[in-house]
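**Student:** next come a sequence and a model predicted from it.
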Amino acid sequence: MSSKTSTITVDGKSVELPVKEGTIGPSVIDISKLYGQTGMFTYDPGFTSTAATESKITYIDGDKGILLYRGYPIDQLAEHGDFLETCYLLLYGELPTAAQKADFDYRVTRHTMVHDQMNRFFTGFRRDAHPMAIMVACVGALSAFYHDSTDISDPHQRMIASMRMIAKMPTLAAMAYKYSIGQPFVYPQNDLDYTSNFLRMCFAVPAEEYKVNPVLSRALDRIFILHADHEQNASTSTVRLAGSSGANPFACIAAGIACLWGPAHGGANEAALKMLEEIGTPDRIPMYIAKAKDKNDPFRLMGFGHRVYKNYDPRARIMQKTTHEVLNELGIKDDPLLDVAIELEQIALKDEYFVEKKLYPNIDFYSGITLKAMGFPTSMFTVLFALARTVGWIAQWSEMIEDPSQRIGRPRQLYTGAPHRDYVTLAQRG
Ligand code: ACO
């Protein structure tokens, strides 16, 4: 705790509040005793100025466009590391040694299969069910399959549950995809790396040999790294809030998936691609820019803007590079969607409205084009995001559970409804 304090005056009475300092980034005013001292709450819809927790996992400087996992810049991790190494880093705080990495990879790999009865769970869904609906249900249902890892007070059970979720998420995601297209489920093949295994479960069919394309596997692995954590975003805060009541981790992650589904959050990659398709050709861009700027039109440029980044999203830069790599590898010389995206970005970055509001492309702007080129339907985009973000959710959830000062999350409110009034019987109501 720093020696700095902050003083606020309420109804002429001054109250001194402690200031807490982090290693980098803004300090916070500790208002936890404010209500006791003043009888007032603070008011901050959307948590724009409220730190809900202390955390050592991920740091973002939105003005400078910086993203660090446990101190390491995202571009270095994406360039040199792999996704499971990033998982280890997020969970344990340090990059693994070679032996630790081999052990971790082995432990995750050993958990890739799901209970065979899960297959029957899937058949309860209509074929046209959105795969995110299936994911919310199936991940929540894991708690019904793995009773031996739902005691959150036991560190060993917490670790097993974490491994299970990281390992089974690709299997469930691939099953959701296969079910939607009427193809048989493909079981995991554990001599493949995490991402190659996922690609095979999605795109192999039993009738043919499937060879994983290493360029696509590396690109998808990098996409997973970019999505692995993003500090206290809406879905992560949802996971923490759900977990604060002591709910089991499978249920908490299911809550995170539900939150991620929304178009203002993880659903934006799907929405961004649909928008690019709707725009269709570069000549129609000015019309859509005008719609985005029109206060009376609810349309927004999807894949643009971010609550925290008021500069270019560092993930969007890596994503853009990955898009080009994937399209080159697949021999896609002219992708009309990419043409629209590049021109839309250039026009928006020069437009006064976007410049003034500091609206830059976010990670979702280019990810849809890449995933589509790899063969994923738009409905799977957010599922892939959920797959990658699972480790971040788990790391944040574990950090919360291990924090001795952790209490149930319980926001307060400013009540603006009817004051006290007496019940009127049905006969007396006019
Ligand atoms: N297109 C047009 N105008 C926009 C956009 C956009 N994409 N984003 C924000 N604005 C405008 C708003 O209308 C608002 O204008 P005003 O001040 O005149 O009222 C101003 O910029 C600030 O926007 P807010 O909605 O207040 O900002 P907030 O931080 O609440 O929202 C959000 C951030 C939800 C990401 C928003 O920028 C948005 O809806 N973007 C499109 C959806 C998207 O791409 N989401 C992905 C986020 S990244 C992720 O989840 C991985």
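**Tutor:** All right, it came through fine. Quantities reported herein were computed from a predicted structural model and do not represent experimental measurements. Numbers count the residues shown, from 1 in each chain.

**Student:** could you use CA atoms for every contact and neighbour count after this?
**Tutor:** Noted.

**Student:** what's the closest non-adjacent residue to the residue in the stretch 51-200 of the chain positioned nearest to the ligand?
**Tutor:** At 11.3 Å from the ligand, G62 is the closest residue in the stretch 51-200 of the chain, using Cα to the nearest ligand atom. Closest residue to G62 in three dimensions, ignoring its sequence neighbours and counting by Cα to Cα, 6 or more residues apart in numbering: Y309, at 3.8 Å.

**Student:** for the one you found, which residues are in contact?
**Tutor:** Contacts for Y309 (Cα atoms under 8 Å, 6 or more residues apart in numbering) come out as 61-65, 360.

**Student:** how does it look with 10 Å?
**Tutor:** For Y309, the contact set (Cα atoms under 10 Å, 6 or more residues apart in numbering) comprises 60-67, 358-362.

**Student:** how about L301?
**Tutor:** Going by Cα under 10 Å, 6+ apart, L301 touches 268, 271-272, 275-276, 288-289, 291-293, 344, 348, 359, 361, 365.

**Student:** show me which residues of the stretch 301-430 of the chain sit near the ligand.
**Tutor:** 301-307, 357, 362 (Cα under 6 Å from any ligand atom).

**Student:** one more time with 8 Å
**Tutor:** Contacts of the stretch 301-430 of the chain with the ligand, taken as Cα under 8 Å from any ligand atom, map to 301-308, 354, 357-359, 361-365.

**Student:** buried ones among those?
**Tutor:** Applying 16 or more other Cα atoms under 10 Å to these, the neighbour count classes 301-306, 354, 358-359, 361-365 as buried.

**Student:** narrow these to those in helices?
**Tutor:** In helices, defined here by DSSP state H, the members of those are 354, 364-365.

**Student:** now, among those residues, which is nearest to A386?
**Tutor:** Here the nearest of those to A386, counting by Cα to Cα, is D364; it sits at 13.3 Å.

**Student:** so that closest one versus L371, what's the distance?
**Tutor:** Counting by Cα to Cα, to the nearest Å, the separation of D364 from L371 is 11 Å.

**Student:** residue contacts, E278?
**Tutor:** Taking Cα under 10 Å, 6+ apart, we find E278 in contact with 272, 284, 288, 337.

**Student:** lowest-confidence member of these, which is it?
**Tutor:** pLDDT across the contacts of E278 is lowest for L337, at 87.

**Student:** tally of neighbours for that residue?
**Tutor:** Taking other Cα atoms under 10 Å as the criterion, the count of residues near L337 is 22.

**Student:** now F250, what's its secondary structure?
**Tutor:** Judged by DSSP: H, G, I helix; E, B strand; the rest coil, the three-state class of F250 is helix.

**Student:** surely it touches V139?
**Tutor:** Yes. Assessed by Cα atoms under 10 Å, F250 is found in contact with V139 at 6.1 Å.

**Student:** what sits in contact with each of those two?
**Tutor:** In terms of Cα under 10 Å, 6+ apart, F250 and V139 are both contacted by the residues M165.

**Student:** neighbour-wise, which of these two wins?
**Tutor:** F250 (27 against 23).

**Student:** so that one versus the ligand, what's the distance?
**Tutor:** To the ligand, F250 is 22 Å away according to Cα to the nearest ligand atom, to the nearest Å.

**Student:** can you check the pLDDT for that residue?
**Tutor:** The model's pLDDT for F250 equals 96.

**Student:** residues contacting it?
**Tutor:** 136, 138-144, 146, 149-150, 161-162, 164-165, 239, 243, 256, 394.

**Student:** go on, A386?
**Tutor:** 132, 135-136, 169-170, 173, 224, 227-228, 235, 253-254, 256-258, 260-261, 266, 380, 392-393.

**Student:** isn't there a strand covering it?
**Tutor:** No. Read with three-state DSSP, A386 is helix and lies in no strand.

**Student:** list the buried residues for the longest helix anywhere in the chain?
**Tutor:** Counting residues, the longest helix found in the chain (DSSP H) is helix 155-181. For helix 155-181, the buried set under the neighbour-count rule, 16+ other Cα under 10 Å, comprises 157-158, 160-180.

**Student:** which of the three states applies to G266?
**Tutor:** Using three-state DSSP, the structure places G266 in coil.

**Student:** so who does it touch?
**Tutor:** For G266, counting by Cα under 10 Å, 6+ apart, the contacting residues are 227, 234-235, 257-260, 363-364, 381-386, 389.

**Student:** ok, which pair from those is furthest apart?
**Tutor:** Greatest spatial distance in the contacts of G266: A258 and I363, 19.7 Å, computed using Cα to Cα.

**Student:** same for the helix or strand containing D103, what does it pack against?
**Tutor:** Element membership for D103 (DSSP states H and E) is helix 98-110. If you count contacts as 3 or more Cα pairs under 10 Å, 6 or more residues apart in numbering; DSSP states H and E, helix 98-110 packs onto helix 83-92, helix 155-181, helix 194-203.

**Student:** buried ones in that helix?
**Tutor:** Buried residues in helix 98-110, counted by 16+ other Cα under 10 Å: 104-105, 108-109.
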